[in-house]
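K.L.:
Sequence below, structure please.
(2 chains)
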Amino acid sequence: MQKRFFLGILIFSLILMSVGIGLADELAIMHPDKKMLDQWVRDYENADRAEDVLIPLRFKERGSLSLLDHLQYDPVTRNQGSCGNCWVWAGTGVMGVALDVEGTKDRLSIQYLNSCKTDSYACCGGNLTAFANFYNSTKKAIPWSNTNASFQDANRTCEDRHSLVSCSSISTSPNYPIESITPLTITTYGGGVSQAEAINNIKNVLHNNKAIYFAFCLPNSTAWNDFRNFWLNYDESAVYDIDKFCGIPWNDDEGGCHAVLCVGYNDNDPNNSYWIMLNSWGTAGGRRPNGLFRVNMDMDYSCVNPPYYSFYWQTLDIDFGEVSAWNLCIKDVAYPTLYKFNLEYNSHLIRGQAFYPDPTSFPAPLTGYYDPISNQAFFNINYKNQHGLRFYLVDVSTMTGWTWGIYHSDSSFYDGPRQCTLEPCPPEEPQEVFLERESGAFEEEGIRGIEDWDHCVKDTQFITLYGFNLEYNSHLMRGQAVATWEAPLTGYFDGWRACFGIGYLNDNLRFYVINAGAMSGYTWGIYGSNSDFYDVPGPCTLEPCPSEPLEKGEIGND
Amino acid sequence: MLFFFGICLCYAADGPLSGGPCEYKKYRGRCEIISIDKKGLDSYEVKFIFHTDEEIKEAYGKVEGRQFLLLLKNSSYPKRGFLKKYSIEVGRSFDCYMSVIKKGTCTPIIFEFPTIDLGDY
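P.N.:
Residues are numbered from 1 along each chain as shown, chains lettered A, B, ... in the order given. Just a heads-up that it's a prediction; the model follows:
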């Protein structure tokens, strides 16, 4: 069937060639020589099929699914502008979702490919094979926040022939190693594939937690103007009837293809079933605040604008390489009396471990927390740094593009940010978290279960609380703050007080405390600090916890 | 001729080439700053609306009154120093162009500010 289709295309091409139909010179850069064409045919015919590679999953006949939460993006700045590199945005989206599914959420660079792809300029168009070829050669994905890695070609055009940003100016450290990246074609047409089979094949890819590169081709200006009007003048709940132009012959001068990211579907209502597509055209002046549009699921998947098929569904099979968890260190030598510091980076949660010449005297890991209000991460260690403190950081690869520095506070003042040095970590693994108490010492390793979230501290006194200490007789406890940024915290006991660093505005904060039983007999209290002063300890109330710690995003009952 | 021969086969081979060259039509007008809100530590969300005396011929391009965001060339939000340098304040208007796409699959509406260097960061 496919071979017959190729043959049909070939014959149709020759007929059109004979009548002298051509394309504009401006498109010349997009067109390959015969050798490359032959290679493309072989690539297509030999391409892995998603149905052969992915696990066939069972899912309800009707339902909904969205992978959008797996993608780190900003709808406003997800905007290609006048650069025709939609294929890079869609391909990078597939890669970003895959990265998060593997446990690392980060926004990946578009500019890296725009600047470093040497055979043709990304603004002149491309496809998923070209995308995969690039990353198979570079073997790394770059965080958007790396130096010069944010998208800067929005005002460039194909005619510019090259990026505004040189490849060498983009920092590739840190990066996400890629062992291999392979396009997978989702079978949606040819060989008697029914609409139900096409839908099932697409859904199965989504249920395998893979986003989809969806390229759709519209045959002429009338069709494109129709879609542009839909994009600009309808809201995100409207569904685009994308197959309304099926059968209309392709117009070489006016037709075009656009790649977007399919992140989910909803077919709960059989009369209003749709795919969820993420575009790279910004937010349409606020009309589409999430950058999304919907496409009718009940469509003709074998749609043809003669002589071309119209809709192409693909995904990527990506094998990310190993990233050493403890892969960079910060060594601070500037503050011999360091009590407290913040690290700036773009991650939600990191862990660190303080190194000390005598590990037994300072063996505990730290947990830093990211505060989206101030865009800072905070540690609170309460410790005198007399020997060149080192912090071994987990997931540092997600913290790129930010100034590494220490905001230092010694008792009652804050210094400005200072640079500290990054250096390789020692080979040994970081120590596990000590949480359980045994015979007065902390010998067992491991994180205790949620049943240990047995007491709560509800603070109502410090409405602008930034940092606090809890007095008790435990070495280490965890807590969970309930506000707009729910995340676990780890406090650390320094021999006198336990310290948390939270860096956030406290709107009726609660802390769910592990092992509170071991902390009895001490005064519960909060030492609050607000920017540049410390308050005296204030009381807070202990009250029952919810049955389990809250998930990020949930708000507790008051 | 070889060129056309190519585009047919490339569709069948790898899926279509998506994206590519785009053409726009420019409309001259004024962009009025209607709000400036803090976004992040030192970044600001600057919203503007476009006014023009020209007749916008493209039906999909009639977006007068729609609120768009002023972004820098590196896709970031402007900082305080930038706003101060270019006197960007609520109520002020700047010469600007709205470009409406005529051909291609790029972003349909884009803006240019000839008196503001959006690469000045």
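
K.L.:
Let me see the ranges of the helices in the stretch 201-350 of chain A.
P.N.:
Taking DSSP state H, counting those that start in this stretch, the helices of the stretch 201-350 of chain A run over residues A:221-233.

K.L.:
need the residues of it near chain B, please.
P.N.:
Proximity of the stretch 201-350 of chain A to chain B, by C-beta under 8 Å from any C-beta of the partner chain, involves residues A:215, A:217, A:221, A:224-225, A:228-229, A:231-233, A:252, A:254, A:256-259, A:280-287, A:307-309, A:312, A:314. The C-beta positions use only the backbone N, C-alpha and C, and glycine is treated the same way.

K.L.:
Which of the residues you listed fall in strands?
P.N.:
When strands are assigned by DSSP state E, the members of those inside them are A:215, A:217, A:256-259, A:308-309, A:312, A:314.

K.L.:
Save these as a markdown table, and put in distance to residue B:29 too.
P.N.:
As requested, these are arranged in a markdown table below (distance: C-beta to C-beta, whole Å):
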| residue | distance to residue B:29 |
| --- | --- |
| A:215 | 34 |
| A:217 | 33 |
| A:256 | 27 |
| A:257 | 32 |
| A:258 | 27 |
| A:259 | 31 |
| A:308 | 38 |
| A:309 | 41 |
| A:312 | 38 |
| A:314 | 41 |
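
K.L.:
Only the buried subset of the residues of the stretch 201-350 of chain A next to chain B, as a ChimeraX command please.
P.N.:
A single ChimeraX command selects the buried members of these (16 or more other C-beta atoms under 10 Å in any protein chain shown):
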select /A:215,217,221,224,225,228,229,231,232,233,252,256,257,258,259,280,281,282,283,284,285,307,308,309,312,314
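
K.L.:
if we take the ones in strands among the residues of the stretch 201-350 of chain A next to chain B, which one ends up nearest to residue B:109?
P.N.:
Taking C-beta to C-beta as the measure, residue B:109 sits nearest to residue A:258 out of these, at 15.4 Å.

K.L.:
so the closest one bridges to which residues?
P.N.:
For residue A:258, the beta-bridge partners are residue A:216 (DSSP bridges).

K.L.:
roughly how far apart are it and residue A:73?
P.N.:
18 Å (C-beta to C-beta, to the nearest Å).

K.L.:
Tell me where chain B has strands.
P.N.:
Assigned by DSSP E, chain B shows strands spanning B:23-38, B:44-51, B:68-70, B:93-103, B:109-112.

K.L.:
most tightly surrounded among those strands?
P.N.:
strand B:68-70 (a mean of 22; mean count of other C-beta atoms under 10 Å in any protein chain shown).

K.L.:
Tell me the strands beside that strand, with direction?
P.N.:
strand B:44-51 (antiparallel).

K.L.:
pLDDT weak spots in chain B?
P.N.:
B:1-15, B:40-42 (pLDDT under 70).

K.L.:
let me fix that: chain A
P.N.:
Chain A contains residues with pLDDT under 70 at A:1-47, A:103, A:174, A:322-558.

K.L.:
Break it into its domains for me.
P.N.:
Using automatic domain parsing, the domain ranges for chain A come out as A:30-320, A:326-543.

K.L.:
can you pull the contacts of residue A:248?
P.N.:
A:219-220, A:223, A:305 (C-beta atoms under 8 Å, 6 or more residues apart in numbering or on different chains).

K.L.:
From those residues, pick the one nearest residue B:29.
P.N.:
Closest to residue B:29 out of the contacts of residue A:248 is residue A:223 (28.5 Å), distances taken as C-beta to C-beta.

K.L.:
Can you report how many residues lie near the closest one?
P.N.:
Residue A:223 has 21 neighbours, counted by other C-beta atoms under 10 Å in any protein chain shown.

K.L.:
In this structure it contacts residue A:245, no?
P.N.:
Yes. Between residue A:223 and residue A:245 there is a contact at 4.3 Å, judged by C-beta atoms under 8 Å.

K.L.:
got any residues that touch both of these two?
P.N.:
By C-beta under 8 Å, 6+ apart, residue A:223 and residue A:245 have no common neighbours.

K.L.:
Setting aside sequence neighbours, what's the nearest residue to residue A:299?
P.N.:
Nearest non-adjacent residue to residue A:299, counting by C-beta to C-beta, 6 or more residues apart in numbering or on different chains: residue A:243, 4.2 Å away.

K.L.:
Do I have it right that that neighbour meets residue A:296?
P.N.:
Yes. Counting by C-beta under 8 Å, residue A:296 is a contact partner of residue A:243 at 7.3 Å.

K.L.:
Name all residues that make contact with residue A:256.
P.N.:
Contact analysis of residue A:256 by C-beta under 8 Å, 6+ apart lists A:217-218, A:224, B:20, B:103-105.

K.L.:
so which pair among the residues you listed is furthest apart in space?
P.N.:
A:217 and B:103 (14.5 Å).

K.L.:
what about residue A:303, distance to residue A:188?
P.N.:
10 Å.

K.L.:
For residue 76, the count of nearby residues, please.
P.N.:
Chain wasn't specified; assuming chain A. Counted with other C-beta under 10 Å, the neighbours of residue A:76 add up to 18.

K.L.:
that's the wrong chain, I meant chain B
P.N.:
Residues near residue B:76, counting by other C-beta under 10 Å, number 17.
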